[in-house]
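In: only geometry, no sequence info:
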């Protein structure tokens with residue numbers, strides 16, 4: 001592989017089997033699939049995440065990962081869910097979107113210091129880059145991620 005081709009490669013963890021895949025950035029919008037299990041890698045869907053899934057996606061994916069920490073009893077969380085899904089579709093080949101149910105994964109919520117829901121955390125390069133408490137519409141969410 002040439003040096004130019006090497007810089008064109010993204011690591012993307014499969015949301016189904018957590019295997020790390022290499023995807024050419026120039027072909028990310030073409031619907032790549034996991035080399036191990038065949039699951040879509042960048043299809044614009046929102047995945048439920050537990051600690052293992054979130055850790056794998058954050059640590060083994062070169063794209064930004066957006067985590068929505070939410071709870072089923074939270075009205076603003078439920079109202080924001082379609083906006084979150086719309087932002088995921090808009091940024092399908094440029095970011096990963098996951099939801100973490102804080103009632104089902106309280107240790108994960110505690111690890112990230114979640115004090116209110118919904119709370120969004122944007123991870124870049126394996127680290128928390130920024131966070132936002134409160135609901136956002138799809139357009140605001142896309143701008144927040146891209147800024």
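Out: That came through, no problem. Nothing here was measured: the structure is a model prediction, and the numbers come from that model.

In: give me phi/psi at residue 34?
Out: Backbone torsions for residue 34, taken as degrees, to the nearest 10, come to phi -60, psi 130.

In: look up how far residue 86 lies from it.
Out: Distance of residue 34 to residue 86, given as C-beta to C-beta, to the nearest Å: 25 Å. In short, each C-beta sits where N, CA and C put it, glycine included.

In: tell me which of the two has more neighbours.
Out: Set residue 34 next to residue 86 and count neighbours by other C-beta atoms under 10 Å: residue 34 wins out with 20 against 17.

In: contact partners for that one?
Out: Neighbour list for residue 34: 14, 16, 17, 19, 21, 40, 41 [criterion: C-beta atoms under 8 Å, 6 or more residues apart in numbering].

In: would you list every one of the strands in the protein?
Out: 9-13, 20-24, 46-48, 65-70, 96-101, 119-124, 127-133 (DSSP state E).

In: touching stretch 89-99 from outside, list them.
Out: Contacts of stretch 89-99 (C-beta under 8 Å, 6+ apart): 12, 15, 28-29, 42-49, 53-54, 57, 61, 63-68, 70, 81, 84-85, 87-88, 138, 142, 145.

In: any weak-confidence spans in the protein?
Out: 1-6 (pLDDT under 70).

In: pull out the buried positions in whichever helix in it runs longest.
Out: Ranked by number of residues, the top helix in the chain under DSSP state H is helix 75-90. By 16 or more other C-beta atoms under 10 Å, the buried positions in helix 75-90 come out as 77, 80, 81, 83, 84, 85, 86, 87, 88.
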